[in-house]
Every structure is written in C-alpha cells, then in structure tokens.
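K.L.:
Predicted model follows, preceded by the sequence.
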Amino acid sequence: MGLSPYLVDVLSMFIPLKRESPLSTAVSRWLAEDYPKVSLDAAGLVALADLTTVARRTALTGTSCLFDSLVLCPGLHKQQSAPELNGGEYPACAAMTTGYCFRVENPATVLCLQKVGRTGRLTTVEVSSPDKHQRPWRNWLNVFYDYGSATLASTFVYSVAVAMTLSVILLTICLGDWWALLVLGMLILARLMNVLVIRRRAALGWKGASEPGVKGDLLILLSQDRWVRMRGLVDDLKAVTSGQWLREPTMLENALVAFATLLVYLDAALAGNAKQESKLLLVALLFCSVGLLGIANESTKSLKMHERLIRVNHTSQPYGRRLDLANQLIKESGRADWAVSLGMIVPQSDEKKSTRGPVTM
C-alpha cells in the first residue's frame, strides 16, 4: 500500500534526502538527453597520444619550469625525447674568424635553426647573454615560468592552459568526482617528475675553454640548403653549440621517468571510473591544452639555452648559387680556408698541395 502524496511531502520535511550538486545534475541531464549513446570510458587514452608538443616546448626553452606541470597535454610522458626532435641532424659549421670547422652538437639549437632557416637564403641570428646583475626575484620567477624567450602571445596562451587545468580541478571537486580528481592528480605528478628530471639534466656542463671578450662569426650549413650565420661572443656561441644539452640521466632519474610513464598508462586505465561529465572535461582539457601549447611554441621566436638567447636578426634574399654566398662571406671575413673545408669552393692551385681537405660529416 503506497503512501499518499501529501504524506510524502510531510515526511520529506523531516527526513533529509540525498541531493546531488546542481552542476552534476545539469550536466548529467544534458548528457542523457542529447548524447545518450556516447561513451567516454576510454577518455584516458587520449593522454597516451604520441605527440611531440611537450618535448618541442622543452627544446625551445632549453629546460622546463614548474608551471609546466599544470599544462596537461597528450604525449606528456614523451618529454625526455626532446633531444631527438632534430631528426639526427648535426650540421657542419665553420668559424669564419679562425677557419676551424666542426659540428653543432646541441640538438635543441639545431631544432631552432631548422625552424628559422629558409631554403636558398642566409638567416643571421644573434646570440646574447642576459644581464648578470638582474634582480634575485627574476631568478625565482624563472623557476616557475621561463619568460626569457617568451613573447606576449606565448605567455597569454600558456597562462590560459594553466588556468584551464586549475578550472577543471575545481569543477571536478564541485562534481564530487574523486576518481576524476585522482586521474588529474596522477597526470600532474607524472608531469612534475619529468619537469624535475629535465631541470637536473639541463645543468650547464663542459663547453670548452673560455675566451672572454672574443667575438665569433659562424656559418652553419643545414639540410635542404638552409644557411645560418650565427654571431656573438665566442663563449656564448660555445654555450649553445658545443657539449651536451641534456646530460645522460642517472639511475634515479631513469627510475623517476619510468614511474611517471607508468602513471600515465595507469591513469588511462582508471579514467573509466570517473563520471561521464568528468570524462568530458578531461578530454576537453587535453585537446585544448595541446592546441594552446602548440600556439605558444609557434609564437616563441627565440631559443633560450644555458642562459643565452638566440634571436633572428635578418633573413637575406634568395641566392642564385651557393657559390655566390661563399664569395660574399669570403670577402667579408677576409679568408677562404673555412669555405674550402666546408666544400663550398674549389681550392686554389697552391692550396691543392695541402693535405687539408673538406670536412666529411
């Protein structure tokens, strides 16, 4: 025998009923009415997409900052593969002031030069070091966000990506979805461990003997007939071209990276326990964050490497032949031995007797 509606109303005044949050009720009703057959149980798999956006950001900034842990993108577990983005290219390079030839050993610098280089053109870049007497609070700010190579556009979209992550965390708390909160926490933890390992590996190492006050002028021959002229103090040029960018990881660092990678895969398995609306928020966060970080990468016009900045100064008109470029630079530098070593010109009769030949890369 059922209770009358009047009695039910009276009892409801004294017996507390379990109520869901208004946000959860509204989203659940929208999903049930408009998308009743959509399943997002595999939403966590989006984080496993093999994208290079995070690794490219690491290469463009030369390191990683703490706010990076709040930018959650697909492929975040691939951050340690940043040195592979240059495609294995280590271009030949000549010092036009001394005639010595060598290779650019820094893969992040090579990636930057590949980005700014143009086929058949000479791109001139300047390498500079920041003020060594800058205020201490700027050094602390640099730990949280690398503003040295940032532009206004890149800073804005990066800030939006961080704000989106914080907003999604607050929304999952409002929804009372602790599984979703655990999933987000695991992604942030995995990202943070990769950030800390990158910061340790990016410490300044061997860069050759110091030559204070000496100016250098390098010509770099990239693939696809892209030519880059790099100018600056010799110590600054050595800092961005020689030695290691990221040293080899230690046993502990390898263990942390492996654990962070397993966290991302475990996250993909646990994401199915979250509510439908939380899964939708997670997918939207991953898609939007990778798009915003990609815009930030393209808006970054310079490279910061070991406290030095590489900026594009000028891009020339196309040359008819590479020989025209060689003759112009020989005239400016006052010597031709570097061009012979690079194989850009044929040695003169008196130079043919020398045992010194072109550099083979």
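P.N.:
Here it is on my side, so go on.

K.L.:
need the contact list for the spatially most central residue of the chain.
P.N.:
Residue closest to the mean C-alpha point of the chain, counted by CA atoms, centre = their mean, is Arg57 at 1.1 Å. Taking CB atoms under 8 Å, 6 or more residues apart in numbering, we find Arg57 in contact with 68, 293, 296-297. Any C-beta I mention is one placed from the backbone N, CA and C, and that applies to glycine too.

K.L.:
Please spell out which residues along stretch 305-313 are buried.
P.N.:
305-306, 308-310, 312 (16 or more other CB atoms under 10 Å).

K.L.:
and what of stretch 270-278?
P.N.:
Under 16+ other CB under 10 Å, the buried positions of stretch 270-278 are 271-278.

K.L.:
Including pLDDT, secondary structure and distance to Leu342, could the residues you listed go into JSON lines?
P.N.:
Shown next, in JSON lines, are the buried residues of stretch 270-278 (pLDDT from 0 to 100; DSSP: H, G, I helix; E, B strand; the rest coil; distance: CB to CB, whole Å):
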{"residue": "Ala271", "pLDDT": "87", "secondary structure": "helix", "distance to Leu342": "53"}
{"residue": "Gly272", "pLDDT": "85", "secondary structure": "helix", "distance to Leu342": "57"}
{"residue": "Asn273", "pLDDT": "88", "secondary structure": "helix", "distance to Leu342": "60"}
{"residue": "Ala274", "pLDDT": "88", "secondary structure": "coil", "distance to Leu342": "58"}
{"residue": "Lys275", "pLDDT": "89", "secondary structure": "coil", "distance to Leu342": "62"}
{"residue": "Gln276", "pLDDT": "87", "secondary structure": "helix", "distance to Leu342": "61"}
{"residue": "Glu277", "pLDDT": "88", "secondary structure": "helix", "distance to Leu342": "61"}
{"residue": "Ser278", "pLDDT": "90", "secondary structure": "helix", "distance to Leu342": "58"}
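
K.L.:
Touching, Cys101 and Leu342? I think so.
P.N.:
Yes: using CB atoms under 8 Å, Cys101 makes contact with Leu342 at a distance of 6.3 Å.

K.L.:
quick one: secondary structure of Met230?
P.N.:
What DSSP: H, G, I helix; E, B strand; the rest coil gives for Met230 is strand.

K.L.:
Number of residues surrounding the nearest residue to it once chain neighbours are set aside?
P.N.:
Nearest residue to Met230 in three dimensions, chain neighbours excluded: Leu218, at 4.3 Å (CB to CB, 6 or more residues apart in numbering). Neighbouring residues of Leu218 were enumerated by other CB atoms under 10 Å; the total is 23.

K.L.:
Check the spacing between Leu218 and Ala95 real quick.
P.N.:
According to CB to CB, to the nearest Å, Leu218 stands 6 Å off from Ala95.

K.L.:
rewinding a little: go through the buried residues of stretch 305-313 and say which is closest to Pro83.
P.N.:
Nearest to Pro83 among those is Met305, at 12.5 Å by CB to CB.

K.L.:
so the closest one bridges to which residues?
P.N.:
Arg308 (DSSP bridges).

K.L.:
just Cys101 next, same as before
P.N.:
Bridge pairing for Cys101 - DSSP bridges - gives Ala94.

K.L.:
quick one on the thing from earlier: show only the entries of the contacts of Arg57 found in helices.
P.N.:
Judged by DSSP state H, those include 293, 296-297 as members of helices.

K.L.:
those strands in the stretch 51-200 of the chain, which residues are they?
P.N.:
92-95, 101-103, 122-128 (DSSP state E, counting those that start in this stretch).

K.L.:
For the longest one, which strands pair with it and how are they oriented?
P.N.:
The one in question is strand 122-128. So strand 122-128, judged by DSSP bridges, has these partners: strand 226-233 (parallel), strand 308-315 (antiparallel).

K.L.:
Lowest average confidence across those, which one?
P.N.:
Mean pLDDT values for the strands paired with strand 122-128 show the minimum at strand 308-315, a mean of 89.

K.L.:
what about the helices in this protein?
P.N.:
5-12, 22-34, 53-61, 107-116, 136-144, 152-175, 178-201, 234-241, 251-270, 276-299, 322-333, 337-341, 349-352.

K.L.:
Turn the ones you listed into CSV, columns for distance to Val46.
P.N.:
Output for the helices of the chain, formatted as CSV (distance: least, CB to CB, whole Å):
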stretch, distance to Val46
helix 5-12, 43
helix 22-34, 18
helix 53-61, 13
helix 107-116, 26
helix 136-144, 27
helix 152-175, 14
helix 178-201, 11
helix 234-241, 35
helix 251-270, 8
helix 276-299, 5
helix 322-333, 46
helix 337-341, 50
helix 349-352, 60
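
K.L.:
Met164 contacts Phe287, correct?
P.N.:
No: counting by CB under 8 Å, Met164 does not reach Phe287; the two are 10.5 Å apart.
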